[in-house]
Structures are given as C-alpha cells and as structure tokens.
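Q: Sharing a sequence plus its predicted fold:
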Amino acid sequence: MDIEDLERAAARHWQAPEQERLGDWLLRAAEGFTGRANSALPLGDPGVPLPEAVAATKDWYRRRALPPMIVVPAVLHQGPPPGPLENLLAERGWLPRPGPAIVMTSAIADIPARQGPDVRLDPEPDESWLALYRYRGQELPPIARTLLMSAPWQAFASVRQDGRVVACGRISVAGDPGEQWGAITAVEVDPGCQRQGLGAALTSALAAAAAGRGARRVLLQVETDNAPARALYSRCGFRDSHRYHYMIAP
C-alpha cells in the first residue's frame, strides 16, 4: 500500500466521534484527546482551492475551541521537497507539533509467537486496564473510552499480577473482507515491570487476535524518539513504512 492508502486504513481504527468531509479531506474532533482524533487528514482533493481548504479547516476547529491541526504524512528519508500543502502552511505560520511519529507495519505471519506470561483479552477495557494506560503521560479524559471503542472491532489485552494490570494494549481490525488490517495501539507497561518481555508478549498476542479476525497485516505508530519501542517492534518483525507529523495553526 502507498502512504495515502495506509493512512486511510489507519483512520478506521481510531475514529473521532465528530467527523466531517471537506471534499476528500477528513476533519476529526474528539475534545482534544489524541492528535489523530483531532486533526484533519488531507488526502485527495478537498474540492476547493488549497488556500480555501486550509481556511475552512482552521475555522472548523476554531468553532470547536480546538487548535487547528493538519496531519502531514511523508516518506521516511530525505526525499522530494515539501508539497504545496506543507509550503502553504509554513507560509501562513503553521508550526510542527513536537513528537513526529513513524508508522510501522508487519505481516502477522512474520511476528514470532512468544512464550511468556498469560495475556488476557477482553472486549472492553475495565477500570484496571484504564488505570494503567496513559496517552503522552496524561490521565484519560472521559472521551478516551469512546475512542478506544471506535473501531469496527477491537479487543483489550492485559497482563495481570496480583489482580493489577501491569501491561496493556489494544488491537483493532478494520477493512473490507480480504483486505483487513490490524492496528496495535494503547500499549503501556508498568515502569516497575519493564524489560521482562511483556511488550513482546503483548505484541504477539495482539497480532494473533487480529489474525483470528481475518487480518493478515498489522500496523502501529510510535514516536520517532521512542528508541526502546522502535527496537522492540523491529525485533517483533515490524518495519518502518513512513513518518508523519502535525502542523498547528498559530
């Protein structure tokens, strides 16, 4: 899949409760929780000239008291110069949000099975699961549960010790039959339980759950400076696909 197709596939796994089309662009809002659910996905033709599309996007987010934000997917390494959209945003004073990320993908068949702790799968996150998961270090707002349950199908993995969740993760599956993708999100390991193989055990269990729903490939997103996570996923069979960052209006 090319970058645009993969970004469209990823959008089905984390769906904001408020979405609106601007031509082919997708505007998304979820009370500010997570960049993906509160940014415009500018793929295809917005149906109006680019300056008008940017102005309409900015106004859409301002009306919701949210910072206007547009996600910009890009190739991994030094490639062609920025496209018309990114040039226009820079001219108008939009700035990159800290924390650019890499999208990684793998064939599920390439992810090795792991022997390790029991990984429990549930159809919904319970309070113990939610108590461990943090997004960029912050406690979860009420709308987080809405986003966690927003895919066509999802399950929630946990490793528990003495009744407490010490590692968690979410797997979702979306796509047309025969073209389904799994997506791994919301992975968290208790700081006191790191370097015990829990991340690899979770990854293996989550991928197997996606395979059970008909997916043959799985994707995930990880910030570029999160070297330990990127190394873990590389060991599990994932390879870098592309990068992306968010541009925020002044």
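A: Thanks, I have the structure now.
Q: Please count neighbours and contacts with C-alpha atoms only from this point.
A: Will do.
Q: how many other residues sit next to the residue nearest to Q115 when sequence neighbours are not counted?
A: Once flanking residues are discounted, Q115 sits nearest to A201: 7.2 Å by Cα to Cα, 6 or more residues apart in numbering. A201 has 21 neighbours, counted by other Cα atoms under 10 Å.
Q: mind listing the helices for this structure?
A: Counting by DSSP state H, the chain has helices at residues 3-11, 50-62, 84-91, 127-132, 143-148, 198-212, 227-235.
Q: and the residue minimising distance to the centre of the chain, what does it touch?
A: Residue closest to the average C-alpha location in the chain (Cα atoms, centre = their mean): Q221, at 5.2 Å. When contacts are counted by Cα atoms under 8 Å, 6 or more residues apart in numbering, Q221 is found next to A101, I102, V103, M104, I184, T185.
Q: switch the cut-off to 6 Å
A: Residues near Q221 by Cα atoms under 6 Å, 6 or more residues apart in numbering: I102, V103.
Q: repeat for S172
A: W153, Q154, G182, A183.
Q: The residue lying closest to it once chain neighbours are set aside and L202: what is the separation?
A: Spatial nearest neighbour of S172, chain neighbours left out: Q154 (4.0 Å); criterion: Cα to Cα, 6+ apart. The gap separating Q154 from L202 is 15 Å, by Cα to Cα, to the nearest Å.
Q: and those two? which has more neighbours close in?
A: L202 (29 against 24).
Q: so what's the nearest residue to S158 once chain neighbours are set aside bridging to?
A: Counting by Cα to Cα, 6+ apart, S158 lies nearest to C168, which is 4.3 Å off, once chain neighbours are set aside. Counting by DSSP bridges, C168 forms beta bridges with S158, E188.
Q: Run a quick neighbour tally on L95.
A: Look at L95: counted by other Cα under 10 Å, it has 16 neighbours.
Q: Could you double-check that it sits in contact with Y246?
A: No: using Cα atoms under 6 Å, L95 is not in contact with Y246; the gap is 8.2 Å.
Q: That's all I had, so thanks and see you.
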